[in-house]
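Q: Quick one: sequence and predicted model below, then my questions.
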Number of protein chains: 2
Amino acid sequence: MVIIIKKEDILKAVEKVDVVAAMEEGFIQYSKGNTVVPPVGELLFEEPRGEAHIKYGYIKKDDFYCIKIASGFYDNPKLGISSSQGLMLLFDQKTGQPAAVLLDEGVLTDIRTAAAGALAARYFAPRDPESIGIIGTGIQARLQLEFLLKQTDCRSVWIWGRNEENSKHFKEEMGKGVEIHIARSPSEVAQNTRLIVTTTPSETPLLFADDIRPGTHITAIGSDTSHKQELESALLQKADILIADSKSQSKSRGEIFRAVKDGLIDEEKAVELGNAILNPDLRRKKEDQISIADLTGVAVQDIMIATAVYKNFINN
Amino acid sequence: MVIIIKKEDILKAVEKVDVVAAMEEGFIQYSKGNTVVPPVGELLFEEPRGEAHIKYGYIKKDDFYCIKIASGFYDNPKLGISSSQGLMLLFDQKTGQPAAVLLDEGVLTDIRTAAAGALAARYFAPRDPESIGIIGTGIQARLQLEFLLKQTDCRSVWIWGRNEENSKHFKEEMGKGVEIHIARSPSEVAQNTRLIVTTTPSETPLLFADDIRPGTHITAIGSDTSHKQELESALLQKADILIADSKSQSKSRGEIFRAVKDGLIDEEKAVELGNAILNPDLRRKKEDQISIADLTGVAVQDIMIATAVYKNFINN
């Protein structure tokens, strides 16, 4: 019996799930080598331009295997449709029988990505960040802030976006109970905050080594390919602690990939998030250390959130 | 709006589809290079043993892209569940929006495979096959016979299966309006027929060069991996005409792969099915020629049948 779960029911179910805890468990299993996650499948389209990615895998001795289809079709907004589309599938790991189709339209990817940012902050943010800094003003920027506000008592926020209009909308919509300042540059964000999340698809650095004050933690979310980059490579060289959600993915994408390619760090400098969660020695030792978490997105996050939503849905 | 199509509705819809014509169109598009079909994704499981394959692709300028998940879990029969499981997904090729989930449990793969066999017979069978020969007695053997009986007036059939009990069941169930003979060996099938379909997962040859009479056409269905083989390599050497559903897949799997590996044929001997459909010069020229079609299964077949079933379902 295959269960079809619609977006509205997914959103209701996910509210009852501790997604940050689910991510924590997923990254631990991943770093322990208890997951099977083959390379991502890819389909490219030319007219109109688009791409679909197929991510799949499972946690050993778990209940399900998971397949996620996520696509980006960049002309969709002209038609009034989100450029992101997709769904997740769960299959019984012991028989292969389909268990659930989650018609999430990509929201579970957005949510699990934001939850991973909050998880990184839980383990690496300085005790007093002064203010939270958010680079970017899109859906991921909003979700990161929403999740971070549950991790810290800090209620002061600095934001920067390329488009000033979008920054104003962000401030209006997210400003409840929070003091939001619009910065004139990413550098101004860095001068006023010590917990920064970058969420843009930028292909040239937005934050530079000289911008960053001692004690700052940065979570870099935007770069998930080989050509995207939000952080200057010298900033990764300057960091005391470097965390990758997936060391194997960092060989081909993200900020760490770029800094290694630029010859400024050795890939051995990075520790894997799941290992740092398990071992306090791999985390911040002094309050003035700079840490950077480079999150490229791992299939185990999809497996964890899809399974949690499914279980919550059928038990309610 | 995603449409979920259940197995019973799929079976009703597919009856109204000319699946052989759909396969013909699909193979033509494939051989013309009008399709995008990346390598198959694979997930392996150890406890219990199983495998899931993810096949995906699209025909350029068509309506949808298609993803098929098909799994084999070999302990399922102990639980009273079919070892084959799976579903197909259709997404809008212009926006990425999901259009349909076809909960076919693998039957569309069975049907499109049988339809490809019928298509090969349409273009390569001798005018008078005397009798139809079927090697194997499983679901694919039955479907191949069912589809072949629509291509030819021949109503005499010889079958061979490793398990005599299964052969008797086959004869009882498929014997309506058809005279079915149970052969004592694959060789006896070949001595009495000139249109043979092989449908077993055998890893050692069942039909040998010396068994086959002039004018015979063989469609080899069973071998879809590098280690399966139903036809002696010398038989492919002896054949006048050799057809592959996919020349690129023949580089790594199927009968042609084995014969090339054994050094008995050059891979250039094979012509691609879609090209042979388009060009009569690539087909049988004399009634006494021996032809072999090696069908390993191509994603374009899934795309064609899923799209046809979907269109039929929404228009009824």
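A: Done, it's in.
Q: Residue numbers of chain A in contact with chain B?
A: Within chain A, the residues that sit near chain B (Cβ under 8 Å from any Cβ of the partner chain) are A:2, A:4, A:36, A:38, A:41-45, A:47-48, A:50, A:52, A:54, A:56-58, A:61, A:65, A:67, A:69, A:71-73, A:76, A:79, A:81, A:85-87, A:89, A:91, A:93-98, A:101, A:103. Yep, even glycine has a C-beta here, placed from its N, CA and C like the rest.
Q: Sketch out the low-pLDDT regions of chain A for me.
A: In the prediction, chain A carries no residues with pLDDT under 70.
Q: per-domain residue ranges of it.
A: Domains of chain A are assigned by automatic domain parsing as A:3-108+A:300-314, A:112-298.
Q: Just send those back as TSV, with mean neighbour count and distance to residue B:151 too.
A: Output for the domains of chain A, formatted as TSV (neighbours: other Cβ atoms under 10 Å in any protein chain shown; distance: least, Cβ to Cβ, whole Å):
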stretch	mean neighbour count	distance to residue B:151
domain A:3-108+A:300-314	20	33
domain A:112-298	20	49
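Q: out of these, nearest to residue B:307?
A: Nearest to residue B:307 among those is domain A:3-108+A:300-314 (15.7 Å), distances taken as Cβ to Cβ.
Q: Endpoint to endpoint, the closest one covers what distance?
A: With Cα to Cα, to the nearest Å applied, domain A:3-108+A:300-314 spans 9 Å between its terminal residues.
Q: Please state the offset of that domain from the chain centre?
A: Between the centre of domain A:3-108+A:300-314 and the centre of its chain there are 14 Å (Cα atoms, centre = their mean, to the nearest Å).
Q: any chance of the domains of chain A in a markdown table, with distance to residue B:17 too?
A: What follows is the domains of chain A, written out as a markdown table (distance: least, Cβ to Cβ, whole Å):
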| stretch | distance to residue B:17 |
| --- | --- |
| domain A:3-108+A:300-314 | 23 |
| domain A:112-298 | 39 |
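Q: now the lengthiest helix in chain A: how far from the chain's centre is it?
A: Ranked by residue count and defined by DSSP state H, the top helix of chain A is helix A:107-124. How far helix A:107-124 lies from its chain's middle: 5 Å, per Cα atoms, centre = their mean.
Q: circling back to that earlier point, please narrow the residues of chain A next to chain B to those residing in strands.
A: When DSSP state E defines the strands, the subset of those inside them is A:4, A:36, A:41-45, A:50, A:52, A:54, A:56-58, A:65, A:67, A:69, A:71-73, A:85-87, A:89, A:91, A:98, A:101.
Q: The closest residue to chain B within the stretch 201-316 of chain A and residue A:255: what is the separation?
A: The stretch 201-316 of chain A approaches chain B most closely through residue A:299 (10.8 Å), counting by Cβ to the nearest Cβ. Note on residue A:299: its distance to residue A:255, by Cβ to Cβ, to the nearest Å, is 20 Å.
Q: can you check residue A:312 too?
A: Counting by Cβ to Cβ, the separation of residue A:312 from residue A:255 is 34 Å.
Q: what's the answer for residue A:204, then?
A: Distance from residue A:204 to residue A:255, by Cβ to Cβ: 13 Å.
Q: next one: residue A:266
A: Applying Cβ to Cβ to residue A:266 and residue A:255 gives a distance of 14 Å.
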